[in-house]
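Novice: let me see the structure of the following:
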Amino acid sequence: MRRLTFLPAVAFFFAATPGPTIAQESGMDATIHYRLGWDNPASQLYTVSVTASAGDEPIIFSLPSWRPGRYIIQNYAANVQAIRARDENGRPLEAEWIDLDSWRVEPDGAAQVTLEYEYYASTLDAGSSTLRPDVAYFNPVNLFPWIEGRMDNPVALTLDLPPEWAIATQLERVDDGEQIEQRGNREVLLARFRAPDYHRFVDSPTVAAPELTDWSFTVDGVPYHVVMRGEVRLGDRTQESILADFEAMTREQVAFFGVTPFDEYWHLYQLVPYPFGHAVEHEASASYVMHDGVFMNDFAYMGFMSTTSHELFHAWNVKRLRPAALWPYDYSTPQLTRLHWVTEGVTSYYDKLFLARSGVATEERYYEALGNTIRSLQRSPGRKVTSASLASLTSWHSGYGDGNPNQSISFYTKGSLLGLLIDLRIRDLTDGEKSLDDAIRYLWREYYEQDLGYPEDGLQRAIETIAGESFDDFFDRYVHGVDELPYDDYLSVVGLRLREDVDETRPAATIGLAPRPTGHRVAIDNVFPDSPSLEAGLMRGDVLVSIAGLEIETSADIMEAMKTHQPGEVVGVVYERGGVENTVSVTLDGGANLRWVVEPVAESTERQLRLRKAWLASDAGT
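Specialist: Numbering: from 1, shown residues only. This is a model prediction of the structure:
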């Protein structure tokens with residue numbers, strides 16, 4: 001299965017009264033024909049159409065209400081306007097909204113029906129769609145409907161593209177790149193693609209722009225593309241060194257599973273000149289929106305590589321191997337599972353581990369990353385009230401941040417640390433003969449290769465099969481419960497320890513709140529439990545005016561105020577609530593400069609060294 005190309009592909013536009021439809025040109029069959037174009041990109045309105053054969057029964061078109069990889073309702077139909085329908089001769093047909101995401105069209109004797117509308121695309125992140133004069137980026141899951149009863153039908157897509165533009169996508173290209181039409185005073189290239197079914201179609205993000213940078217490499221004969229839109233600032237790095245890291249990390253993941261489930265892969269990066277980071281996985285591609293400084297220093301680069309490693313691993317874990325609750329995808333309703341600590345969290349465990357195993361990251365850098373992950377969880381008040389499995393289930397109403405911030409946790413973070421502990425426990429029980437790697441591969445063989453999703457207790461049962469011992473207590477306490485994670489008990493298996501240390505770059509004093517910048521002011525986004533701010537009566541939503549006499553205009557000003565004071569001192573805080581300015585005295589707490597350090601113990605045993613070496617060893621022989 002061949003995927004796309006860079007093509008010649010300036011403003012798209014759609015003919016309101018076109019000549020022959022795509023279906024007429026090709027002869028109508030079971031294929032569902034989609035088309036995408038636009039008139040004025042400054043409007044941020046795509047024109048979307050879908051054409052299908054018709055019979056006597058009404059045709060129901062439905063847009064997804066959510067997308068895989070983001071487990072919240074997103075209501076894409078809110079971006080739809082000006083719905084209309086017609087038959088193969090252009091005769092208008094009635095299109096009726098029947099629920100929040102669906103429309104019914106009566107064929108009224110038509111042989112085929114076309115539904116058409118405008119879609120407002122104003123959001124630039126990896127999982128959304130945007131249209132601007134300098135880029136057309138879309139996730140088909142946002143803007144293309146499925147037809148009831150025909151989700152398994154083959155799909156054809158025609159894009160009305162500016163001839164000068166390049167395009168990148170995992171979709172298979174089927175035209176010769178030479179079909180140009182004249183639209184008014186503009187030329188439009190008709191670029192054609194196909195997919196075997198709706199699932200594959202809507203899983204294929206696509207980016208088109210006047211210029212795209214395309215790097216590539218191969219692993220075991222499979223081509224991988226690194227496509228970048230935006231300014232590519234390499235700093236002291238080179239294209240060759242970056243691709244060498246990509247190749248090493250990729251080889252490690254391929255060796256982990258022993259199979260490459262795609263025949264071509266696309267990393268699609270949009271680099272922006274402001275702080276941002278978002279990425280989404282797909283079957284044979286991943287989409288990223290990231291700051292264009294990702295190559296400029298080691299810290300940013302390691303974040304870039306770990307995110308890339310995370311999304312690539314998803315090509316196996318989640319896009320193929322996934323819970324039965326998500327098999328198959330139902331885009332119309334929440335699909336509930338308590339396993340996102342596995343789908344996302346265990347993936348987060350492996351993303352950095354693959355960098356260490358492949359040599360992209362040093363052992364010291366990997367230990368530093370583990371310490372930072374532990375710090376993130378231990379500074380989260382929600383860890384004491386919300387379990388990893390409950391956070392997975394309730395992502396649909398928490399919205400990855402909605403609700404009480406003091407009860408929420410990241411199933412990415414907690415799941416990553418659970419993956420670490422489980423892995424080290426299996427290695428301990430089996431004297432290094434088995435690991436979490438084996439449990440993941442067991443699930444791949446027993447479920448994905450049998451065209452099945454794994455049950456809610458599937459990972460635990462796989463772990464117990466591999467380890468030869470019950471993990472009931474572990475899951476009860478740490479996965480479904482909120483007991484503190486016993487890091488040292490597990491890290492000691494490989495001769496590591498966790499140590500609290502002082503970060504000399506940060507003040508020790510804290511006021512106990514999380515800020516949220518709002519223009520040139522700073523509001524309180526969260527007041528931590530048992531904190532000085534809570535004791536003083538500060539609330540979420542209050543706007544900070546000054547702390548200890550220092551005017552607060554940015555979040556950094558809060559840290560500046562803390563630098564000149566020590567825990568136990570009393571400072572005045574001026575804040576605004578409901579338009580009224582108030583002043584309170586706050587007794588500062590300490591511990592804001594603590595960090596968690598993972599490091600080797602002074603004298604490791606032969607067994608600890610052996611297990612550590614196996615844990616960090618390359619499967620690919622790098």
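
Novice: just for the chain, where's the confidence low?
Specialist: Residue ranges of the chain with pLDDT under 70: 1-28, 398-401, 622.

Novice: tell me the domain ranges of it?
Specialist: 22-209, 213-313, 332-498, 513-592 (automatic domain parsing).

Novice: among the ones you listed, which is nearest K613?
Specialist: domain 332-498 (8.7 Å; CB to CB). In this view, the C-beta of every residue, glycine as well, is placed from N, C-alpha and C.

Novice: ok, P107 - contacts?
Specialist: 54-59, 87, 93, 113 (CB atoms under 8 Å, 6 or more residues apart in numbering).

Novice: quick one: the strands in the stretch 401-550 of the chain, in order.
Specialist: For the stretch 401-550 of the chain, the strands defined by DSSP state E, counting those that start in this stretch occupy 496-502, 513-518, 521-527, 543-547, 550-551.

Novice: the ones you listed into JSON lines, with extra columns for distance to L268?
Specialist: Output for these, formatted as JSON lines (distance: least, CB to CB, whole Å):
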{"stretch": "strand 496-502", "distance to L268": "37"}
{"stretch": "strand 513-518", "distance to L268": "30"}
{"stretch": "strand 521-527", "distance to L268": "32"}
{"stretch": "strand 543-547", "distance to L268": "39"}
{"stretch": "strand 550-551", "distance to L268": "43"}
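
Novice: what's the closest non-adjacent residue to R441?
Specialist: F257 (6.7 Å; CB to CB, 6 or more residues apart in numbering).

Novice: how many other residues sit next to the one you found?
Specialist: By other CB atoms under 10 Å, 20 other residues sit near F257.

Novice: could I get the buried residue list for the helix or strand encompassing A300?
Specialist: Taking DSSP states H and E as the definition, one finds A300 inside helix 298-313. For helix 298-313, a neighbour-count test (16 or more other CB atoms under 10 Å) marks 300-313 as buried.

Novice: check stretch 102-113 too.
Specialist: Neighbour-count burial for stretch 102-113, counted by 16+ other CB under 10 Å, picks out 102-107, 110, 112-113.

Novice: what about the residues you listed, which are in helices?
Specialist: Counting by DSSP state H, no part of the buried residues of stretch 102-113 is found in helices.

Novice: can I get the residues you listed in a markdown table with distance to D29?
Specialist: Formatted as a markdown table, these follow (distance: CB to CB, whole Å):
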| residue | distance to D29 |
| --- | --- |
| S102 | 24 |
| W103 | 23 |
| R104 | 23 |
| V105 | 19 |
| E106 | 22 |
| P107 | 17 |
| A110 | 16 |
| Q112 | 10 |
| V113 | 15 |
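
Novice: what is the nearest of the residues you listed to L498?
Specialist: S102 (52.0 Å).

Novice: how close does the residue nearest to that closest one when sequence neighbours are not counted sit to E368?
Specialist: Once flanking residues are discounted, S102 sits nearest to S62: 4.2 Å by CB to CB, 6+ apart. To E368, S62 is 47 Å away according to CB to CB, to the nearest Å.

Novice: can you pull out the helices in the stretch 1-150 of the chain?
Specialist: In the stretch 1-150 of the chain, the helices defined using DSSP state H, counting those that start in this stretch lie at 22-26, 140-143.

Novice: cool, the stretch 151-300 of the chain as well?
Specialist: So, for the stretch 151-300 of the chain - with DSSP H, counting those that start in this stretch - the helices run 198-202, 239-257, 298-313.

Novice: what's in contact with the second one?
Specialist: When you say that, I think you mean helix 239-257. Looking at what lies outside helix 239-257 - CB under 8 Å, 6+ apart - the contacts are 215, 217, 219-220, 224, 226, 234, 260, 267, 295, 305, 308-309, 312-313, 316, 350, 354-355, 357-360, 437, 440-441, 444, 618-622.

Novice: just the buried members of the residues you listed?
Specialist: For the contacts of helix 239-257, buried by 16+ other CB under 10 Å: 215, 219, 224, 226, 260, 267, 295, 305, 308-309, 312-313, 316, 350, 354-355, 357-358, 360, 437, 440-441, 444, 619-620.

Novice: want to throw the contacts of P107 into a markdown table with distance to H520?
Specialist: Formatted as a markdown table, the contacts of P107 follow (distance: CB to CB, whole Å):
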| residue | distance to H520 |
| --- | --- |
| A54 | 57 |
| G55 | 61 |
| D56 | 63 |
| E57 | 59 |
| P58 | 54 |
| I59 | 52 |
| D87 | 56 |
| L93 | 53 |
| V113 | 53 |
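
Novice: now do the end-to-end distance for stretch 451-458.
Specialist: 15 Å (CA to CA, to the nearest Å).

Novice: flag every buried residue along that stretch.
Specialist: Going by neighbour count (16+ other CB under 10 Å), the buried part of stretch 451-458 is 453-454, 458.

Novice: show me where the stretch 501-622 of the chain has helices.
Specialist: According to DSSP H, counting those that start in this stretch, the helices that the stretch 501-622 of the chain contains are 532-536, 555-563, 606-615.

Novice: point out the most buried one among the ones you listed.
Specialist: Counting by mean count of other CB atoms under 10 Å, helix 532-536 has the highest mean neighbour count of the helices of the stretch 501-622 of the chain, with a mean of 19.

Novice: can you list the residues that contact that helix?
Specialist: 510-513, 524, 527-528, 573, 584-589.

Novice: enumerate every residue touching the residue positioned nearest the centre of the chain.
Specialist: Residue closest to the mean C-alpha point of the chain, counted by CA atoms, centre = their mean, is V280 at 3.5 Å. The contact partners of V280, by CB under 8 Å, 6+ apart, come to 67, 69-70, 126-127, 139, 205, 286-287, 311.

Novice: any chance of those residues in CSV, with distance to L336 too?
Specialist: What follows is the contacts of V280, written out as CSV (distance: CB to CB, whole Å):
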residue, distance to L336
R67, 16
G69, 16
R70, 15
A126, 24
G127, 20
N139, 23
P205, 25
A286, 25
S287, 25
E311, 24
